[in-house]
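A.B. asks: fold the following.
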Amino acid sequence: MLAASGVDCLIIDMEHGPIDIATVHAMVAATRGTEATPIVRVPWTEHWLVKPVLDTGAMGINFPMISSVELARAGAAALRYPPDGVRGVAPSYAPVRWGLGMADYLKAGEQRDAERHHHRGRGGGAQPGCDPGGAGDRRRGDRLVRPVDEPGRAGAARSSELTALVGEAEVKVKRAGIPLAGVALTAEAARAKRTAGYQMLLVGFDVQMVEAAARGAVAAARGS
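C.D. replies: Below is the predicted model of the structure:
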């Protein structure tokens, strides 16, 4: 239902959600026939976590807690076959998702960076191989600015210092020529971020959507 809602992509969250690799495979398969690009958020930046996810046919990887150039490079290497990376080769569902045979899939992966990935950082310049993209052959990347993950500020209200840090990150991302991404859970937030130059917006979380709809239905039935 979410894939058919008109979203450009869905992020399947293995970091926070109770989702194993079999469920990832089912969720990725459920996006076929829709415009939604399946992107999987892995629990950590480890190549052995990335490999089976890509083999399900996921079209992108979202890495958590990327905070250094070294971690960004490790993430990029996990997406690529040798000699540019460490991904292992085996028959999988991924070529079918791209409409390719295995040989053509491998060739495309080597020549056109077929697997894209998402890198959440602090707004630094682009790193080689870190050109995270939305879908298929869209050669674009983004930095997701998400203030709730600032050290010592989890869940805290935005302070003037944090606002300044976010502004600094936005400037660096734009200067690097990378599309700017962020979270916008309300129409007002979305308008503000679009005005600020954001090109990708995370507009909701399934658990919050279900909770809001359920509470609304109960309140309506009670006449409150």
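A.B. asks: hey, what's the spatially most central residue of the chain bridged with?
C.D. replies: Against the mean C-alpha coordinate of the chain, by C-alpha atoms, centre = their mean, the closest residue is residue 62 at 3.9 Å. Here residue 62 sits in beta bridges with residue 41, residue 118, going by DSSP bridges.
A.B. asks: quick one: it and residue 44 touch, right?
C.D. replies: No - Residue 62 lies out of contact with residue 44 (C-beta atoms under 8 Å); the separation is 11.7 Å. Where you see a C-beta, it was placed from the backbone N, CA and C, and this is true even at glycine.
A.B. asks: from residue 173, how far out is the nearest residue to residue 59 once chain neighbours are set aside?
C.D. replies: Residue nearest to residue 59 in three dimensions, not counting chain neighbours: residue 37, with 4.9 Å by C-beta to C-beta, 6 or more residues apart in numbering. Residue 37 sits at a distance of 21 Å from residue 173 (criterion: C-beta to C-beta, to the nearest Å).
A.B. asks: worst-scoring helix or strand of this protein, pLDDT-wise?
C.D. replies: Evaluated with mean pLDDT, DSSP states H and E, the helix-and-strand set of the chain has its lowest mean pLDDT in strand 116-119, which scores a mean of 42.
A.B. asks: rewinding a little: okay, residue 37 and residue 173: which has more neighbours?
C.D. replies: When residue 37 is set against residue 173 and neighbours are counted by other C-beta atoms under 10 Å, the residue ahead is residue 173, at 27 against 21.
A.B. asks: the chain: helices as residue ranges?
C.D. replies: Remark: helices assigned in the chain by DSSP state H are 21-29, 47-55, 69-78, 94-97, 102-112, 160-175, 187-195, 206-222.
A.B. asks: got JSON lines for the ones you listed, with distance to residue 14 and mean pLDDT too?
C.D. replies: Shown next, in JSON lines, are the helices of the chain (distance: least, C-beta to C-beta, whole Å; pLDDT from 0 to 100):
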{"stretch": "helix 21-29", "distance to residue 14": "7", "mean pLDDT": "96"}
{"stretch": "helix 47-55", "distance to residue 14": "8", "mean pLDDT": "93"}
{"stretch": "helix 69-78", "distance to residue 14": "14", "mean pLDDT": "92"}
{"stretch": "helix 94-97", "distance to residue 14": "17", "mean pLDDT": "84"}
{"stretch": "helix 102-112", "distance to residue 14": "22", "mean pLDDT": "74"}
{"stretch": "helix 160-175", "distance to residue 14": "25", "mean pLDDT": "88"}
{"stretch": "helix 187-195", "distance to residue 14": "26", "mean pLDDT": "94"}
{"stretch": "helix 206-222", "distance to residue 14": "14", "mean pLDDT": "94"}
